[in-house]
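Peer 1: Sequence and computational prediction follow.
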Amino acid sequence: MATRAAGLAELKPLVNLLLPLCVHWIAEEMTVSVLVDVVTDALCPGESTCSQAIYISGIQQTVVGIFQMVVLPLLGQLADEYGRKPMLLLTVSTSIFPFAVLAWNQSRDFVYAYYVLRTISYILSQGSIFCIAVAYAADFISDSNRAAAFSWITGLFSASHVLGNLLALFLPEKYVFGVSIALLICCPFYMLFFLAETAQLPPKTENNSNCLIKTIQVLQKRYKSMRDAAEIVISSPTLRGMSFVSFFYELGMSGISAILFYYLKAVFGLKKNQFSEILLVVETGSIFSQILVLPLINPFVGEKVILCLGLLASIAYGLFYGLAWASWVAYLSASFGVVYVLVKPSTYAIISKASSSTDQGKAQGFIAGVQALASLLSPLAMSPLTSLFLSSNAPFNCKGFSIVVASVCMMVSLVCACLLKQEENSTQGKPEDIESPLLS
């Protein structure tokens, strides 16, 4: 009992991180179910199937993937060198602008402007918020409690999604974006005043070089840091294996997420309220599984077993959606989200345990970059496949064929996870491991 109380006490400093992040996630999630109708009405008025929206979403995901391969590892390195707080302030602030555009006007031109701003926002924030939050938690939480801490982060992420979907369900559509913007603005201000820095920052050194030399030094340092991050991952069997697991999982899951609601709208005619109900099914069960179940079973079975169970559930999730023969099957498929959400916290825990204290941001950021590569490649197949099989020119009758293909990618991820050789890094950060800051 005393050990458990000590573990809970160790999690208390996370409150000032998780509170603004929960509000941020609520604000973003409440727009998800509304966006499908807004985008479809603006780009394809009067139609249930909108190929243009599917292709634009695919292009957006590809562009985001291209830039995130560089940006995510870079943000992880900067979080190690300049602190977690400045990077969190940057990433949570980027979502305000795209939603402000739709709050102002929802015509075709403004929807295009939204996609441009949202693409920039995704490049800076999608995935990076989790990576930096995980590195923040790892700064002061012991190895034995990290899986519980990461499950709390992802569990509250799910709880935020439930609240966001409830708001979307009951709020009139015209107020959704206004409320979302108000909540999004509150988050960076709360972090600015209440969030404490946890990273051990290197001492600043005087640098009187001119601008050109300083720029060259910055580029050289960034290249060296990215190369070091790659070496950290490649030299570790666990991190190397997790790179393959994460790549194939993200290749499948990001492809499904990008086209799922457009597919359900085209095949079963689902609308905003039905989308909110499906999301509620997933997120409500996810809260229980991440906050209560994972911390309880992790000491007995370990992160690898939990990861494999989550991947198995994600395969079932994709196959049921892809082969759905009635609208109720979508709700059945969504129920597998209660288990597949465990993939993320178990992944973070395995990566964190295999990394030294000074390499948390680098390792998490590099593997997030691998996931970004998968997100880049996924729409190249998913967008044309989805449009083809939803059209009258499909070679055979299987409207969810692209989702079935994505499920095969997650099967490969499960095989890689089963072959994973798990290890723990017992080395702590040494002074010489900490890089000096690039800018003085």
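Peer 2: Noted; the coordinates are in hand. Note that the structure is predicted; figures quoted are calculated from it, not measured. Residues are numbered from 1 along each chain as shown.
Peer 1: Show the low-confidence segments of the protein, by residue range.
Peer 2: Low-confidence segments of the chain, defined by pLDDT under 70: 1-12, 48-49, 143-144, 147, 199-226, 228, 270-276, 281, 357-361, 422-440.
Peer 1: Find the centremost residue of it, please.
Peer 2: The centroid of the chain falls nearest to Gly127 when counting by CA atoms, centre = their mean (4.0 Å).
Peer 1: ok, so what distance separates it from Gly83?
Peer 2: Here the criterion is CB to CB, to the nearest Å. By it, Gly127 lies 19 Å from Gly83. Where you see a C-beta, it was placed from the backbone N, CA and C, and this is true even at glycine.
Peer 1: Not counting its neighbours along the chain, what's nearest Ile120?
Peer 2: Leaving aside its chain neighbours, Ile120 sits nearest to Thr94 (6.9 Å; criterion: CB to CB, 6 or more residues apart in numbering).
Peer 1: what number of residues lie near the one you found?
Peer 2: Using other CB atoms under 10 Å, Thr94 has 21 neighbouring residues.
Peer 1: Next up, the contacts around it.
Peer 2: Residues in contact with Thr94 (CB atoms under 8 Å, 6 or more residues apart in numbering) are Ile120, Ser121, Leu124, Ser125.
Peer 1: So for stretch 288-295, what gets flagged as buried?
Peer 2: The neighbour-count check on stretch 288-295 (16 or more other CB atoms under 10 Å) flags Ser289, Gln290, Ile291, Val293, Leu294, Pro295 as buried.
Peer 1: oh, I was asking about stretch 88-102
Peer 2: By neighbour count with 16+ other CB under 10 Å, stretch 88-102 contains the buried residues 88-102.
Peer 1: Just name the closest of the residues you listed to Cys308, please.
Peer 2: Distance to Cys308 across those (CB to CB) is lowest for Thr91, with 30.5 Å.
Peer 1: Quick check: chain neighbours aside, which residue is closest to the closest one?
Peer 2: Ser125 (4.3 Å).
Peer 1: That neighbour reaches Val92, doesn't it?
Peer 2: Yes: proximity of Ser125 to Val92 meets the contact threshold set by CB atoms under 8 Å, at 7.0 Å.
Peer 1: sorry, back to before: could you find the closest non-adjacent residue to the residue nearest to the centre of the chain?
Peer 2: Here the residue nearest Gly127, using CB to CB, 6+ apart, is Ala368, at 4.7 Å.
Peer 1: again, but for Leu167
Peer 2: In space, and not counting its chain neighbours, Leu167 is closest to Met30: 4.5 Å by CB to CB, 6+ apart.
Peer 1: For Val179, see how far away that neighbour is.
Peer 2: 7 Å.
Peer 1: Find residues that contact each of the two.
Peer 2: Leu167, Leu171.
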